[in-house]
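K.L.:
Sequence first, predicted coordinates after that:
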Amino acid sequence: MSDATGPDQFTGATPDNAIRNAERSDGPMLAADGRPLKRSLARALRAQKMRALMLIAPLLVFILVTFIAPIVDMLFRSVENQIVSETLPRTVVALEEWDPSDVPDNATFAALAYDFMAAAERREHTRLGSRLNYETTGISSLFRQTGRSVDDVGEEYAEQFIALNAAWEEPETWATLMGAASWVEENSGEVEGAGTLFQLSPTARDAFPEAADAYRSFARTIQSEDDDSPMAEEPWNTVYLALYRDLSAGYATEYDGPMAELIAEAIPAVADFEGMTPREAFEAIDEEWMNLQIWGTIEAFSDPFTAGYFLTSVDLQLTPQGVEQQPEEQRIYRLLFWRTLFMSGVITISCILLAYPIAYLLSNLPTRSSNLLLILVLLPFWTSLLVRTSAWKVLLQQQGVINDILVWIGLVADDARLALINNQLGTIIAMTHILLPFMILPMFSVMKTIPPSYVRAAKSLGATNWTAFWRVYFPQSIPGIGAGCILVFILAIGYYITPELVGGRTGTFISNRIAFHISSSLNWGLAAALGSILLAVVLILYWLYDRIVGIDNVKLG
Amino acid sequence: MTSDQTDAFVAFDRVQKSYDGEVLVVKDLNLHIGRGEFLTMLGPSGSGKTTCLMMLAGFETATHGEITLDGKPINNIPPHKRGIGMVFQNYALFPHMTVGENLSFPLEVRKIGKSEREGKIKRALDMVQMGDFINRRPAQLSGGQQQRIALARALVFEPELVLMDEPLGALDKQLRETLQFEITNLAHELGITTVYVTHDQTEALTMSDRVAVFDDGRIQQLAAPDTLYEEPQNSFVAQFIGENNTLQGTVSKMNGDMCEVTLADGSLIDAVPVNVSAVGEKTQVSIRPERVEMDPNRLTPGAHTLKAEVKEFVYMGDIYRTRLSVAGVDDFIIKTRNAPDQRRLTPGEQIEIGWRPQDCRALDA
């Protein structure tokens, strides 16, 4: 471009100057006012984009709230496992040092006693019991049993402390010993209800680590659960146990806080105290506590997140020794997944075989007759799924219509009626029928777009009817088959009602198991893991399909 | 190139066709096509021409009558055994195959060996100047290129008869003209018999050896293009082929190979009697716009002339097109060459027009 200034050139921001500047500087294209053209364009389109966003906003919010959020929650539930570390926090910490080949030490059992006492008081131990029961059967009843007896743990020590000095029986003694000075001052005297939230004295925490912790747990639990003040309640026996363990471990020799003389009196005395160790106490409650498998399970599931549900979903289990196969008789999920995939495949293939001729006929008939036929195809859509499935029950059962006819014709003996229902065959028959329209419609819409002149051309070129069909018509109808297959297979893989009603024991799908865990066994984590695997399988198949056939080739209409 | 019944390559003999059992779409078709002939079936839509082509190809069966190919009846031979090449209006190239595979298809179904196939495909593609496109897919080609491939595919297995069903209908004018020329040349070079269906009369006139004009399930006239244009046998053909002026009248005098027609306003004209035989018959007189003379020096001596008023003058570049009011008819057109000595008429002008009596044909009313 020459630099000669023509009469039409102006200085300043004009569109022409902007273009000239952009050409000269190799920089981004500029708009007339000197801003980058891209930004100007974005600004100009912003209103339009906002409008589009506003239009989709209601649906977007609806989807986010009702669809995306539940799915994310479900995925989360399949790995979430905070219940163990929340209910048994001290035990989980103590188990970190555990040697899995031996029963845990007394410190761990003591931690278990403190945790269990608080959990039993809050009635959380049964929930944890049912959760861990999914992994090792028997834990639920063990926890129940322990919950009933755990308040006896440490009772002998409580009695011996009180025998030593009756002051140990007084709630105020404990409160003064453990409470922070300000809290004690605030809550002494006549206090209504629970009083202010218990604060632990730092001196006590340093002097008696276990007892202070156990006492705080006690104080806060009775405050929140019973609405009582620690000033008015004698501590649990486990607190006495904790104090005994602290004192006999040599803590608090230098203690000079409140009640120092009581402690000084107790320190020499505890050496002569007699009673069960925490481990013996638990063994007395239930011998199962000596079972390494129980401890292995607690340890294995002590992380806030776990792969346990997923491992269970594929018939594996987490043991202290690592990942292992489930016992033979408990392996059902791999079989169920395989069966689901296999039967969905059989259903898809049956649908292709039945739908292809119909779709071909539909697309080649004159419009008037094809419309009528199409309505017949769609008719099942307008009937309730439940009604259709129940109709199949009537047709297929041993005393049902089909068997009756076969017996009447004489094809089947009356005492050898065919088992057509409550097995895989029943599920396949009923689901093929129910999913057939999903195969016919995409096939039909693709076949309708194949002009008859292709087959005519093939025949005029010398191809027989079969060659013309197989080499010219069929390849062009593949996108319809592909679309139908995806639709039918994905629908089949997650089908629930029909297998539930006609599948019996051998014809059920993985979805029936998911439903069982959602509504009967209440093992939502496992249900979520199974669902996640199902989702992953579908996505992988979708991806594979895209790689092999190409998703662009799918036509639904 | 015309042929009689005995040596006809393709013959339709009293062929009828009905789709619904009530209406005949083809009524009593008799047509003989000679070997190597380029015959066009021309007619408006619904005239039965495509049905005839489909019966010949084997996609429709004749309700009555016989079709023979090279002397053998083919009514009961399925399409794929007839060995007839066919080019379709929408090309019908198989979209999932490359150009090469499309061409290979008719050879494969004939079980021709690979090396021979490749040679034939190459020759066929070179024939239509598409040798470089062998690996393309039809969707990557333009309409004209696709039609060339379709042509090559119909020719690659060397059929003796090729049918074309409005093959150039979807192309633009310029391309259409180029391809018309190429198709005719190719057909004559290879000596193949061609049956070509179109509704475009220019295409029919420029390409064919003979044209069969179809209307209402019948052949209205079967003749070479020049005969068809200059000597239409009835008013349908006269109207359908080219531009045409018609005047209604009554035969007032028969005079051997000439007749005199009285028009509605009483003026008299001379004409060749084609479909009229007696005085008093109603007739429709047909005269081509370019055969009308208005220069008094060039009028045939002794012939009748008509008074005309100029209504409209249109300059069309190579010709002038003038609309006149003649004998009560307002759409009488004359065409004059744009030559230096030619006068431009102005609307409102009164002139006198005439023509050679043999250019004016008295047809059925």
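P.N.:
Here it is on my side, so go on.
K.L.:
Report the closest residue of the stretch 101-250 of chain A relative to chain B.
P.N.:
In the stretch 101-250 of chain A, the residue that lies nearest chain B is A:Tyr134 (52.9 Å; Cβ to the nearest Cβ). From N, CA and C alone the C-beta is placed, and that goes for glycine too.
K.L.:
which helices and strands sit right next to the helix or strand A:Ala284 falls within?
P.N.:
Taking DSSP states H and E as the criterion, A:Ala284 maps to helix A:278-285. On a contact count with 3 or more Cβ pairs under 8 Å, 6 or more residues apart in numbering or on different chains; DSSP states H and E, helix A:278-285 meets helix A:106-122, helix A:139-149.
K.L.:
most tightly surrounded among those?
P.N.:
Ranked by average neighbour count under the criterion mean count of other Cβ atoms under 10 Å in any protein chain shown, the helices and strands packed on helix A:278-285 are headed by helix A:106-122 at a mean of 23.
K.L.:
how distant is that helix from the center of its chain?
P.N.:
Centre-to-centre, helix A:106-122 and its host chain are 29 Å apart (Cα atoms, centre = their mean, to the nearest Å).
K.L.:
now stretch B:267-275
P.N.:
26 Å.
K.L.:
what do you get for stretch A:142-151?
P.N.:
Remark: stretch A:142-151 is offset 29 Å from the chain centroid, using Cα atoms, centre = their mean.
K.L.:
Give the rounded mean pLDDT of it.
P.N.:
Stretch A:142-151 carries an average pLDDT of 89.
K.L.:
What is the neighbour count of A:Asp105?
P.N.:
Residues lying near A:Asp105 (other Cβ atoms under 10 Å in any protein chain shown) number 15.
K.L.:
got a list of what it touches?
P.N.:
Counting by Cβ atoms under 8 Å, 6 or more residues apart in numbering or on different chains, A:Asp105 touches A:Arg279.
K.L.:
host element of residue 56?
P.N.:
Picked chain A for this. Using DSSP H and E, A:Ile56 sits within helix A:37-63.
K.L.:
Chain B, not that one
P.N.:
Here B:Leu56 sits within helix B:49-57, counting by DSSP H and E.
K.L.:
What is that helix packed up against?
P.N.:
strand B:10-18, strand B:24-33, strand B:38-42, strand B:64-69, strand B:84-87, strand B:161-165, strand B:193-198, strand B:210-215.
K.L.:
Got phi/psi on the one residue in the stretch 151-300 of chain A that gets nearest to chain B?
P.N.:
As assessed by Cβ to the nearest Cβ, chain B sits closest to A:Ala300 within the stretch 151-300 of chain A, at 55.7 Å. Dihedral pair for A:Ala300: phi -60, psi -30, per degrees, to the nearest 10.
K.L.:
Can you name the residues that contact it?
P.N.:
Neighbouring residues of A:Ala300 by Cβ under 8 Å, 6+ apart: A:Glu135, A:Thr306, A:Gly308, A:Leu318, A:Thr319, A:Pro320.
K.L.:
Please produce CSV containing the helices and strands packed on helix A:278-285, extended by distance to chain B.
P.N.:
Output for the helices and strands packed on helix A:278-285, formatted as CSV (distance: least, Cβ to the nearest Cβ, whole Å):
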stretch, distance to chain B
helix A:106-122, 68
helix A:139-149, 62
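K.L.:
wait, which of those is closest to A:Trp168?
P.N.:
The minimum distance between A:Trp168 and the helices and strands packed on helix A:278-285 falls on helix A:106-122, with 18.0 Å, by Cβ to Cβ.
K.L.:
Contacts made by the closest one with the rest, please.
P.N.:
A:87-91, A:93-95, A:98, A:125, A:128, A:146-147, A:150-151, A:153-154, A:210, A:213-214, A:217-218, A:221-222, A:225, A:236, A:238, A:241-242, A:245, A:277-279, A:281-282, A:289.
K.L.:
That helix: what's the following helix or strand?
P.N.:
Next element after helix A:106-122 (DSSP H and E): helix A:125-133.
K.L.:
average pLDDT across the helix holding B:Leu56?
P.N.:
91.
K.L.:
and residue 154, what pLDDT?
P.N.:
I'll assume chain A. We note a pLDDT of 87 for A:Gly154 in this prediction.
K.L.:
um, chain B though
P.N.:
92.
K.L.:
give the contact list for it.
P.N.:
Contacts of B:Ala154 (Cβ under 8 Å, 6+ apart): A:Ser460, A:Leu461, B:Gly85, B:Met86, B:Val87, B:Val162, B:Met164.
K.L.:
Would you quantify the distance from the closest residue to chain A within the stretch 101-250 of chain B to A:Tyr251?
P.N.:
In the stretch 101-250 of chain B, the residue that lies nearest chain A is B:Pro106 (3.7 Å; Cβ to the nearest Cβ). Plainly put, B:Pro106 is 100 Å away from A:Tyr251 if you go by Cβ to Cβ, to the nearest Å.
K.L.:
coming back round to it: what residues of the helix holding B:Leu56 count as buried?
P.N.:
Buried residues in helix B:49-57, defined by neighbour count with 16 or more other Cβ atoms under 10 Å in any protein chain shown: B:Lys49, B:Thr50, B:Thr51, B:Cys52, B:Leu53, B:Met54, B:Met55, B:Leu56, B:Ala57.
K.L.:
Pretty sure the last one sits against B:Lys81.
P.N.:
No - taking Cβ atoms under 8 Å as the contact criterion, B:Ala57 and B:Lys81 are not neighbours in contact, 11.8 Å apart.
K.L.:
Low-confidence stretches in the chain?
P.N.:
Looking at chain A here, since you left the chain open. By pLDDT under 70, the low-scoring segments of chain A are A:1-28, A:190-191, A:320, A:553-557.
K.L.:
not quite, I wanted chain B
P.N.:
For chain B, the stretches with pLDDT under 70 are B:1-6.
K.L.:
same thing but at 50, please
P.N.:
B:1-5 (pLDDT under 50).
K.L.:
give the contact list for the residue of the stretch 101-250 of chain A closest to chain B.
P.N.:
A:Thr312, A:Ser521, A:Asn523, A:Gly525, A:Leu526.
K.L.:
Specify which member of the contacts of B:Ala154 is nearest to B:Ala224.
P.N.:
After measuring the contacts of B:Ala154 against B:Ala224 - Cβ to Cβ - the closest member comes out as B:Met164, at 19.1 Å.
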